[in-house]
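Student: structure for this input, please:
(one chain, ligands or ions: 1)
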Amino acid sequence: MGATVAIGPMSTVVPELLTEAWKYVIKDTELDGATLHIEQVPVRARCRECDAVTEGHDPFVRCRACDSMNLQIESGFELQITSAELADDTENASPVR
Ligand SMILES: [Zn+2]
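Tutor: Numbers count the residues shown, from 1 in each chain. Okay, the predicted model is just below:
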């Protein structure tokens, strides 16, 4: 059992800290031992000058094609639970989506 969380680099969430917080939150609850999977979503931005799309796992401010800073950020701010399986028995598992 466990949960998956999608985190974008622009969300300002530090994955290591989230993992530590998770362990603390589930300690001595029925979720004790559940794993937290962190899926790191790339930043995706479209250039308003040349329409090129730049992607990266670190925040960036310039278009890779033309070096413009006139970017429309399309993703990278994510902080969302993408799946959660909170039961050991797969037959009775109730995935939350
Ligand atoms: Zn550009």
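Student: now Val43, nearest residue through space, not along the chain?
Tutor: Counting by CB to CB, 6 or more residues apart in numbering, Gly76 is the residue found nearest to Val43 once chain neighbours are left out, at 3.3 Å. For glycine as for every other residue, the C-beta is placed from the backbone atoms N, C-alpha and C.
Student: distance check, the one you found against the ion.
Tutor: 17 Å (CB to the ion, to the nearest Å).
Student: now do the contacts for that residue.
Tutor: Under the criterion of CB atoms under 8 Å, 6 or more residues apart in numbering, the neighbours of Gly76 are 8-11, 41-45, 59.
Student: any idea which of these has the most stuff around it?
Tutor: Using other CB atoms under 10 Å as the neighbour criterion, Ala45 leads the contacts of Gly76 with 25 neighbours.
Student: next up, the contacts around the residue nearest to that residue when sequence neighbours are not counted.
Tutor: Distances taken as CB to CB, 6+ apart put Leu71 closest to Ala45, at 4.1 Å, once the chain neighbours are dropped. Taking CB under 8 Å, 6+ apart, we find Leu71 in contact with 45-48, 54, 61-63.
Student: next one: Met10
Tutor: Counting by CB under 8 Å, 6+ apart, Met10 has contacts 43, 59, 73, 76-77.
Student: closest to the ion among these?
Tutor: Nearest to the ion out of the contacts of Met10 is Ile73 (CB to the ion; 13.7 Å).
Student: need the three-state assignment for the closest residue to the closest one other than its chain neighbours.
Tutor: Spatial nearest neighbour of Ile73, excluding adjacent residues (CB to CB, 6+ apart): Ala45 at 4.9 Å. On the three-state scheme (DSSP: H, G, I helix; E, B strand; the rest coil), Ala45 is labelled strand.
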